[in-house]
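*Asks:* sequence and predicted structure are below.
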Amino acid sequence: MPVNLDTRTIESPSATEIYISAAPDQNAPPDRQAQQIFSEIADTLRSKKAAILQERVFAVKDVMKTISDIRLKEYGALDDGVAPSILVCTEGRCGPIAGVQVHAVAADTTPYVIDFDGIRCGRILRLPNRTYLALSNISAPQSPQPTQQAAAMLEKGEAILKQSGTDMLSVARTWMWLADILSWYDDFNRVRNKFFTERGIIGQNTRQSMPASTGIGLAPAGGAQCAMDLIAILEPTDSVQYLPAVGKQHCALEYGSAFSRASKAATPAAETVFVSGTASIDAEGRTTNIDDPEGQINSTIENVRAVLKDMNCADSDVVQAVAYCKTTDVEKIFNVLKGTLPWPWLTAICDICRPDLLFEIEAAATLNQ
């Protein structure tokens, strides 16, 4: 069974970054899909002598154990005990597995694993003049309510950062995986806003150091109501550039959501622009092209490209991109349109953060040193 495998490689004198996007090219039994995907990823990592920094798996809930078992078998020694973020989506055109994203690195030094409360939850890579940290699947399912889980999740992420010698002000990018997002996204924003205010990330006399972010309706496979991935830059210190408003959209904080439209940070081999989850929203924060999937898709792509243009990034600089589609009908329309851009697409079907939003994109683009 063929796999749609896209590998983007960025090289510098001290490291090589490898971005892999892998998705099944056709419908097939999930064990066959998983075996082929993880075999191809493992072969790529071994050929480049690369270690994983961060990994995400998008699939329906019923196949998660199958995926995890096959991943471990195919990876062998490539698995360092840090579990990928496994995210529950709705089945799409290729079947129960939407795809896998991997960010990896090849360098003279290898990432070392972060352990917190006995669980391996992330990695730190130290290179000359730059130190990069990635956390995956940070959650606190012990709390009964989603908002309590969100607050505990943020506090747990902060505790892990402090253990690693840094804090939330070093975070360049977050991903917020939210089960049943439409029922509590406003509540989630209030929790995050309170946390960020108390930490001096937003508010009067602050730098407005809001990370770029995605908040999307993908449930963590482990049963938590929310989970978080993040990227932090420990060195150079205070080097992350936060862009609350960029491209065609104003600051999201104006309508209550504390994230920057993009951020720019020193990653192992490059400067990377992280474009937040972006949708068909105008400068005042209003949804546009309501009930028009094609219009929302085209508007979203236009909004993302406007951010990239402002950051001096070309389409060829994009190393990762996820398209979130509300339904399979939206996915079908997107599949006709996506060939207009040479981006390494991965598509997942899930709810977006508003009932009238049908589509969202996030992206990362690298600028060589």
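*Replies:* Received, thanks. Numbering: from 1, shown residues only.

*Asks:* so how many other residues sit close to the nearest residue to Lys194 once chain neighbours are set aside?
*Replies:* Closest residue in space to Lys194, ignoring its immediate chain neighbours: Ala151 at 8.0 Å, by Cβ to Cβ, 6 or more residues apart in numbering. Using the backbone N, CA and C atoms, a C-beta is placed for each residue, glycine as well. Using other Cβ atoms under 10 Å, Ala151 is surrounded by 18 other residues.

*Asks:* which strand or helix spans Ala151?
*Replies:* Using DSSP states H and E, the secondary-structure element containing Ala151 is helix 146-163.

*Asks:* shouldn't Thr90 be in contact with Lys61?
*Replies:* No: no contact is recorded between Thr90 and Lys61 when judged using Cβ atoms under 8 Å, the distance being 10.0 Å.

*Asks:* and those two? Which one has more around it.
*Replies:* Just comparing Thr90 and Lys61: by other Cβ under 10 Å the higher neighbour count belongs to Thr90, 18 against 14.

*Asks:* so who does that one touch?
*Replies:* Remark: with contacts taken as Cβ atoms under 8 Å, 6 or more residues apart in numbering, Thr90 is in contact with 60, 328, 349-350.

*Asks:* at 7 Å instead, please
*Replies:* 60, 349-350 (Cβ atoms under 7 Å, 6 or more residues apart in numbering).

*Asks:* pLDDT wise, what is it at?
*Replies:* What the model reports as pLDDT for Thr90 is 97.

*Asks:* just Gln145 next, same as before
*Replies:* According to the model's per-residue confidence, Gln145 sits at a pLDDT of 96.

*Asks:* could you find the closest non-adjacent residue to Ser276?
*Replies:* With Cβ to Cβ, 6+ apart as the measure, Ala212 is the residue that lies nearest to Ser276, at 4.4 Å, once sequence neighbours are left out.

*Asks:* and for that neighbour, the neighbour number?
*Replies:* Using other Cβ under 10 Å as the criterion, the residues surrounding Ala212 number 30.

*Asks:* what's opposite it in the beta bridge?
*Replies:* On the basis of DSSP bridges, Ala212 takes part in beta bridges with Arg173, Ser260.

*Asks:* if I look at it, how far off is Cys325?
*Replies:* Between Ala212 and Cys325 the distance is 21 Å, computed by Cβ to Cβ, to the nearest Å.

*Asks:* stretch 267-282: which residues count as buried?
*Replies:* 267-281 (16 or more other Cβ atoms under 10 Å).

*Asks:* which one among the residues you listed gets closest to Ala227?
*Replies:* Checking the buried residues of stretch 267-282 against Ala227 with Cβ to Cβ, the nearest one is Gly277 at 15.4 Å.

*Asks:* if we can go back for a sec, make TSV from the contacts of Thr90 and add pLDDT, neighbour count and secondary structure to it.
*Replies:* Converted to TSV, the contacts of Thr90 look like this (pLDDT from 0 to 100; neighbours: other Cβ atoms under 10 Å; DSSP: H, G, I helix; E, B strand; the rest coil):
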residue	pLDDT	neighbour count	secondary structure
Val60	97	19	coil
Ile349	98	23	strand
Cys350	98	23	coil
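
*Asks:* centre of the chain to stretch 36-53, how far?
*Replies:* Put simply, stretch 36-53 sits 19 Å off its chain's centre (Cα atoms, centre = their mean, to the nearest Å).
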